[in-house]
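Participant: Curious how this folds, go ahead:
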Amino acid sequence: MERIKQRTLKKQTEKQLQLNFNLKQVKEEKKLTQIMLVTTVQQQRMRVYTKLRVEPQHWDHSRHRCYLPEHLTARERKRLQHINEQIEKLVYYLSDIDEKLAAKGQYLSSNILQESVRENLKNERIAFNPLNYMKEVVEDYEKNVNRRGRKGIRNTRVTYLSAINRLERYNKLRQTPISSFDDFNKRFFKEFTDYLYNYTYGKNREKNHYTQGTIINTLKVIKNLLHRAYDNEITTNNYFMRVQTTLPADYCEKIYLTEEEIQKIATVKTYTSQECEVRDLFVIACYTALRISDIQQLGQAMIQRGVLSLYQTKTKDLVEIPILKEIAPLVEQYQESGFPLIQSMKANLIIKTLAARSGINEQVSYKEHR
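Facilitator: Numbering: from 1, shown residues only. Sure thing, here's the model as predicted:
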């Protein structure tokens with residue numbers, strides 16, 4: 001009985017208030033354009049921009065909703081479905097207001113219509129938890145393409161998860177937890193940055209702090225995820241675009257090994273086959289500037305005429321690197337026997353052991369400008 005009443009009320013509301021949704025422009029099919037709400041009350045035509053944006057190629061002009069074709073990616077379908085859900089909520093929200101006004105013998109006005117649209121969108125943004133959205137994006141990072149049109153990689157996903165974990169730890173300490181994308185304002189970025197600089201970790205008596213590079217990368221991840229939410233019409237807050245996350249090249253003194261120190265490691269005595277393999281691959285990395293993710297796929301590289309060619313894991317770009325005389329014997333050796341696979345964490349520990357065994361244990365002081 002209750003459902004019948006609700007359906008009857010809905011039909012009556014639809015007769016009283018006709019809401020149409022049109023696009024601001026339709027010529028450029030692949031360019032985002034705003035969705036306008038159009039209605040007529042008391043022979044007065046009203047138009048309100050909803051702040052929702054969609055490409056004309058995804059818009060059904062007869063239904064006044066977004067198409068949801070099967071050939072789209074899951075991410076695109078979800079974005080368009082979310083826009084449709086917001087439109088439906090807006091319809092019910094305005095219909096309810098119109099009904100309440102009608103009971104008082106009043107009608108919708110342009111001001112009431114605009115305020116109602118703003119209030120409904122505000123409630124929608126508050127109801128959508130931004131941290132859950134960010135985690136969902138990161139979990140699906142390898143399945144979807146990033147903002148530059150490239151497919152995500154596992155190592156980057158791990159970096160993103162680490163940044164999200166730092167954000168969640170900070171959120172637990174806030175007096176008012178983050179509940180809306182609007183919370184990512186100037187105050188948030190200042191307080192979150194201060195938190196990262198002051199955060200300490202480690203089990204030893206001497207506590208460690210995040211390096212400036214780690215802090216900058218964390219802020220970049222948060223900005224990237226907020227940019228995705230903005231692109232997907234989940235928020236209109238774009239304050240993150242003003243946050244500076246680039247630093248001059250000389251923001252801190254660089255610490256590096258000299259060629260003499262590299263040679264010490266290259267000739268250090270090893271006691272296990274694993275130590276030997278890590279030592280050799282580390283030396284190859286020093287003279288090729290390859291990332292650990294690329295060192296792990298040397299077996300797929302093309303090596304001929306003194307040049308090593310491979311597609312980088314992170315950028316997907318093809319690089320061609322001259323094989324210097326310092327590593328030519330190692331490359332030839334492993335080209336015949338097969339390049340070993342090493343784990344980055346285990347390799348780091350072994351490299352420290354080999355460095356200490358080589359007599360490289362000098363403490364280095366450096367300056368960092370924050």
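
Participant: From now on I want contacts and neighbour counts done on CA atoms only, so please keep to that.
Facilitator: OK.

Participant: Centre-most residue in this protein?
Facilitator: With distances taken as CA atoms, centre = their mean, residue 225 lies nearest the centre of the chain, 3.4 Å away.

Participant: Return the residues in contact with that one.
Facilitator: Applying CA atoms under 8 Å, 6 or more residues apart in numbering, one finds that residue 225 lies in contact with 134, 137.

Participant: so it is in which element?
Facilitator: Per DSSP states H and E: residue 225 is located in helix 212-231.

Participant: Show me where the stretch 101-250 of the chain has its strands.
Facilitator: 200-201, 208-209 (DSSP state E, counting those that start in this stretch).

Participant: now the first one, how far from the centre of its chain.
Facilitator: The gap between where strand 200-201 is centred and where its chain is centred comes out at 25 Å by CA atoms, centre = their mean, to the nearest Å.

Participant: returning to what we had before: so for the helix holding residue 225, what gets flagged as buried?
Facilitator: Using 16 or more other CA atoms under 10 Å as the test for burial, helix 212-231 gives 212, 215-231.

Participant: Kindly report the same for stretch 256-272.
Facilitator: Residues of stretch 256-272 classed as buried: 262, 264-266 (neighbour count, 16+ other CA under 10 Å).

Participant: what residues does that stretch touch?
Facilitator: Outside stretch 256-272, the residues that reach it (CA under 8 Å, 6+ apart) are 276, 279-280, 283, 286, 354-355, 357-358, 360.

Participant: before we move on, the earlier item: just name the closest of the buried residues of stretch 256-272 to residue 78, please.
Facilitator: Closest to residue 78 out of the buried residues of stretch 256-272 is residue 262 (51.2 Å), distances taken as CA to CA.

Participant: Please report how far that closest one lies from residue 354.
Facilitator: Look at residue 262 and residue 354: by CA to CA, to the nearest Å, they are 11 Å apart.

Participant: that older thread, just name the most buried of the strands of the stretch 101-250 of the chain.
Facilitator: strand 208-209 (a mean of 14; mean count of other CA atoms under 10 Å).

Participant: Got the phi and psi for the residue of the chain positioned farthest from its centre?
Facilitator: Note on the chain: the largest C-alpha distance from the chain mean falls to residue 105, namely 49.9 Å (CA atoms, centre = their mean). Here is the backbone geometry of residue 105 (degrees, to the nearest 10): phi 80, psi 20.

Participant: And the pLDDT at it?
Facilitator: pLDDT recorded at residue 105 is 84.

Participant: doesn't residue 35 make contact with residue 64?
Facilitator: No - using CA atoms under 8 Å, residue 64 makes no contact with residue 35, being 9.5 Å away.

Participant: Who has more neighbours out of these two?
Facilitator: residue 35 (25 against 17; other CA atoms under 10 Å).

Participant: Which secondary structure state does that one sit in?
Facilitator: Here residue 35 is strand, with the state taken from DSSP: H, G, I helix; E, B strand; the rest coil.
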